[in-house]
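Chemist: Any chance you can model this:
(chains A, B, C and D)
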Protein chains: 2
Amino acid sequence: MATPPRYRAIAKALRDEIIAGVLQPGAKLPPETRLVERFGVSRDTIRDATKVLIQEGLVERSGTGRGSGMVVRDRLMLVFHASYAEEPGAPRSEADSWATDVRAQGLDPSQDFTCINVVLPDDVAMRLGEPEGAAGVLRRCVRYVNGHPSSIQDTYYPIWLADEVPELRQPVDIVQGTTALLAERGHIQVGYLDHTSARMPSPDETSLLRVGPGTPVLLKIRTGATRHRVVRVTIEIMVGDTNTVEYEIGDISAIRIEGEPA
Amino acid sequence: MATPPRYRAIAKALRDEIIAGVLQPGAKLPPETRLVERFGVSRDTIRDATKVLIQEGLVERSGTGRGSGMVVRDRLMLVFHASYAEEPGAPRSEADSWATDVRAQGLDPSQDFTCINVVLPDDVAMRLGEPEGAAGVLRRCVRYVNGHPSSIQDTYYPIWLADEVPELRQPVDIVQGTTALLAERGHIQVGYLDHTSARMPSPDETSLLRVGPGTPVLLKIRTGATRHRVVRVTIEIMVGDTNTVEYEIGDISAIRIEGEPA
DNA sequence: CAGTGGTCTAGACCACTAC
DNA sequence: TAGTGGTCTAGACCACTGG
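Modeler: Down below sits the predicted model:
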């Protein structure tokens, strides 16, 4: 067993205190100067150690100036129900479904809509079956939980669909939901293909979602199709460690659904 | 616009080169000493800048000693089909399904099985409907792609099921698949509940999956039930930015399935 | 051996903000 | 104004490994 570098040993000591509950979620870590005394190393070494914990998502820096410090993170998990949010004939829009999910978990949802004309990104164009460089409409919905950004949802529609259903260009929530609106106009989505992955946020996403280092994003790309063709692609970017996507497959009547996953 | 700190400006300059394609995936970044000259800052500042890129998952340190360096990451995405991998009556086991998926993407799959008796983790016990502290059996499958660890799959069975189906304790692949085996013994799984989220890896996971900083893990927790009760919980931990989980919902016959998601 | 990154120090100056 | 973290420096020594 090689002796680990001091900063790793210090990170481990602090991590163990957090895991053991000596430092509870929300608790403040001692200031850097105190840790310098305690471990007998330079401040930079302490900072290297705390960076490890921040990168692991265990700790975050809170505030600035006097009274600021490092606190143990307290992560609340939000469950999003992916498999029935948009069932054809669902009694509510996807946005309503989300808001209902959030309220059911005792939190306060809100959202902002914007809408612009865009050139479709290549991967989106591919999924939509449109040529590269084709135009389209992007509806962006930024969702907040308790006033804090929680996810970005970008839905791309092909230009022919936006021409046919001009309401898609309105930068407001569509009351009955876009899925229901499209269904009314004869474009009934009957199938979805979802792709989920995770990565670190880009600088843009970092500022939009206001996440710090050590927080990955969870990506969900949904391709929605009618019986005849693909009509939209939705790219949802969530704060990865506070959002859970749930899928139900088959008959789950024997499974007690819990409010506390992951 | 406040002027950003130098290390961020340098990170941006290098990031822009990567995005613009000046530095292609697989290309080596200049050594730190060269970057010190180029940007006219101290080595620590260069290191702060490169740490940002590493944390973003754009760059990784490769090797050690002479000839080592920092290279632009080349991420290949692996698609895992979650919604039909275990369909009742599927012609192949889940492990085979995975291996087939990997081979179909031109890569070389392999896996290791281990099996131990455990005390069920609290969250697993809850999902299984067992009391806290109950015993169970853990089957762990570590999966490799081209010899590199790609995912850890931990499946927990309640003790009563392992007693009834003792093959579950064998630390080898079960030819027909555990799902098929259980079905043969009268425990036909008819429903699954999946929870997906992302977080940074723990130190254990970092060494098991051999991932560096800047790589999140993608978590998929599957609860499987027969018509009458929950029979297993599978926690799958994947390298987040090289794995995609795919779900098919409804009729997707109009969607051209691509081999290139995310 | 020469060049790479890995770790560590001791000090400096800054911006911010609760007290 | 005092205490917090944020940035930056100039130098040091180390382990590792390709040539």
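Chemist: ok, and the helix or strand in chain A with the lowest average confidence?
Modeler: Lowest on mean pLDDT, DSSP states H and E among the helices and strands of chain A sits helix A:94-104, with a mean of 80.
Chemist: Count residues in the vicinity of whatever residue of the stretch 51-200 of chain A ends up closest to chain B, would you?
Modeler: In the stretch 51-200 of chain A, the residue that lies nearest chain B is residue A:198 (3.1 Å; Cβ to the nearest Cβ). (Glycine included, C-beta is placed from N, CA and C.) When neighbours are counted by other Cβ atoms under 10 Å in any protein chain shown, residue A:198 registers 31.
Chemist: how near is it to residue B:82?
Modeler: 15 Å (Cβ to Cβ, to the nearest Å).
Chemist: Same check on residue A:38?
Modeler: Distance from residue A:38 to residue B:82, by Cβ to Cβ: 47 Å.
Chemist: Between those two, which is the more surrounded one?
Modeler: Using other Cβ under 10 Å as the criterion, residue A:38 and residue B:82 rank with residue B:82 on top: 22 against 12.
Chemist: okay but that one is in contact with residue B:244, surely?
Modeler: No. Contact criterion Cβ atoms under 8 Å: residue B:82 and residue B:244 do not qualify, at 9.8 Å.
Chemist: partners of whichever strand or helix holds residue A:60, with directions?
Modeler: Element membership of residue A:60 [criterion: DSSP states H and E] is strand A:59-62. Sheet pairing here is set by DSSP bridges, and for strand A:59-62 it gives strand A:69-72 (antiparallel).
Chemist: Please say whether there is contact between the partner strand and DNA strand C.
Modeler: No. Strand A:69-72 is not in contact with DNA strand C by Cβ under 7 Å from any atom of the strand; minimum separation 10.5 Å.
Chemist: Any idea how far the helix or strand that residue A:17 is a member of is from the middle of the chain?
Modeler: Using DSSP H and E, residue A:17 sits within helix A:6-20. Between the centre of helix A:6-20 and the centre of its chain there are 28 Å (Cα atoms, centre = their mean, to the nearest Å).
Chemist: on contacts alone, who are the packing partners of the helix or strand just after that helix?
Modeler: Scanning forward in sequence from helix A:6-20 by DSSP H and E, the next helix or strand is helix A:32-39. Helix A:32-39 sits against helix A:6-20, helix A:43-55, with contacts defined as 3 or more Cβ pairs under 8 Å, 6 or more residues apart in numbering or on different chains; DSSP states H and E.
Chemist: which residues are contacting the longest one?
Modeler: Spelled out, that is helix A:6-20. A:3-4, A:23, A:29, A:35, A:39, A:41, A:45-46, A:48-50, A:52-53, A:56, A:58-59, A:72, B:203 (Cβ atoms under 8 Å, 6 or more residues apart in numbering or on different chains).
Chemist: that older thread, and the least confident helix or strand of chain A, is it in reach of chain B?
Modeler: No. Counting by Cβ under 8 Å from any Cβ of the partner chain, chain B has no neighbours in helix A:94-104; the shortest distance is 13.1 Å.
Chemist: Using CSV, write down the CA coordinates of that helix.
Modeler: In CSV, the C-alpha atoms belonging to helix A:94-104 read as follows (Å, rounded to 0.1, in the frame of the first residue of the first chain):
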residue,chain,number,x,y,z
GLU,A,94,-46.2,17.4,-20.0
ALA,A,95,-45.5,20.7,-18.3
ASP,A,96,-48.5,20.2,-16.0
SER,A,97,-47.4,16.7,-15.4
TRP,A,98,-44.0,17.9,-14.3
ALA,A,99,-45.4,20.6,-12.1
THR,A,100,-47.7,18.1,-10.5
ASP,A,101,-44.8,15.7,-9.9
VAL,A,102,-42.9,18.5,-8.2
ARG,A,103,-45.8,19.7,-6.1
ALA,A,104,-46.4,16.1,-5.0
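Chemist: residues from chain A in reach of DNA strand D?
Modeler: A:29, A:31-34, A:43-44, A:47, A:61, A:64-70.
Chemist: Quick one: name the residues of the stretch 1-150 of chain A near chain B.
Modeler: A:12, A:15, A:55-57, A:77, A:79, A:82-83, A:88, A:123, A:126-127, A:129.
Chemist: which residues does the residue nearest to residue A:68 when sequence neighbours are not counted bridge with?
Modeler: Leaving out its chain neighbours, the residue that sits closest to residue A:68 by Cβ to Cβ, 6 or more residues apart in numbering or on different chains is residue A:62, at 6.2 Å. In this entry, residue A:62 is beta-bridged to residue A:69, by DSSP bridges.
Chemist: before we move on, back to that, from the residues of chain A next to DNA strand D, which two are the most distant?
Modeler: A:44 and A:67 (23.2 Å; Cβ to Cβ).
Chemist: Compare those two (neighbour count), which wins?
Modeler: residue A:44 (12 against 8).
Chemist: ok, the more buried one to residue B:9 distance?
Modeler: 21 Å.
Chemist: okay, how far is it across stretch A:27-37, tip to tip?
Modeler: Distance between the two ends of stretch A:27-37: 20 Å, counting by Cα to Cα, to the nearest Å.
Chemist: And for that stretch, what's in contact with it?
Modeler: A:10, A:14, A:23, A:38, A:42-43, A:46-47, A:49-50, A:59, A:62, A:69-72.
Chemist: which regions of chain A lie under the pLDDT threshold?
Modeler: A:1-2, A:84-93, A:256-262 (pLDDT under 70).
Chemist: residues in it within reach of DNA strand C, list them.
Modeler: Residues of chain A found near DNA strand C (Cβ under 7 Å from any atom of the strand) are A:5-8, A:41-45, A:48, A:63-68.
Chemist: Residue A:212 belongs to a helix?
Modeler: No. Membership of residue A:212 in a helix is not supported by DSSP: H, G, I helix; E, B strand; the rest coil, which gives coil.
Chemist: Kindly provide the distance from the residue nearest to it when sequence neighbours are not counted to residue B:48.
Modeler: Leaving aside its sequence neighbours, residue A:212 sits nearest to residue A:60 (Cβ to Cβ, 6+ apart; 5.6 Å). Using Cβ to Cβ, we find residue A:60 at a distance of 19 Å from residue B:48.
Chemist: Residue A:69 now?
Modeler: In terms of Cβ to Cβ, residue A:69 sits 21 Å off from residue B:48.
Chemist: Please identify which of these two sits among more neighbours.
Modeler: A count of neighbours by other Cβ under 10 Å puts residue B:48 above the other of residue A:69 and residue B:48, at 17 against 14.
Chemist: Show residues contacting the helix or strand in which residue A:205 is found.
Modeler: Using DSSP H and E, residue A:205 sits within helix A:203-209. Contact with helix A:203-209 is made by A:142, A:149-152, A:201, A:211-212, A:217, A:237, A:239, B:12, B:15, B:56, as judged by Cβ under 8 Å, 6+ apart.
Chemist: Of all pairs in those, which one is the farthest apart?
Modeler: A:150 and B:12 (26.6 Å).
Chemist: what residues are up against residue A:159?
Modeler: A:134, A:135, A:136, A:137.
Chemist: Could you give me the ChimeraX selection string for whichever of the residues you listed are buried?
Modeler: Typed into ChimeraX, the next command selects the buried ones out of those (criterion: 16 or more other Cβ atoms under 10 Å in any protein chain shown):
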select /A:134,136,137
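Chemist: What values do phi and psi take at the residue of the stretch 51-200 of chain A found nearest DNA strand C?
Modeler: When scored by Cβ to the nearest atom of the strand, the stretch 51-200 of chain A has residue A:65 as its residue closest to DNA strand C, at 2.1 Å. The phi/psi pair for residue A:65 (degrees, to the nearest 10) reads phi 80, psi -170.
Chemist: Can you give me the distance of it to residue B:76?
Modeler: Counting by Cβ to Cβ - residue A:65 and residue B:76 are separated by 45 Å.
Chemist: and these two? which has more neighbours close in?
Modeler: residue B:76 (11 against 5).
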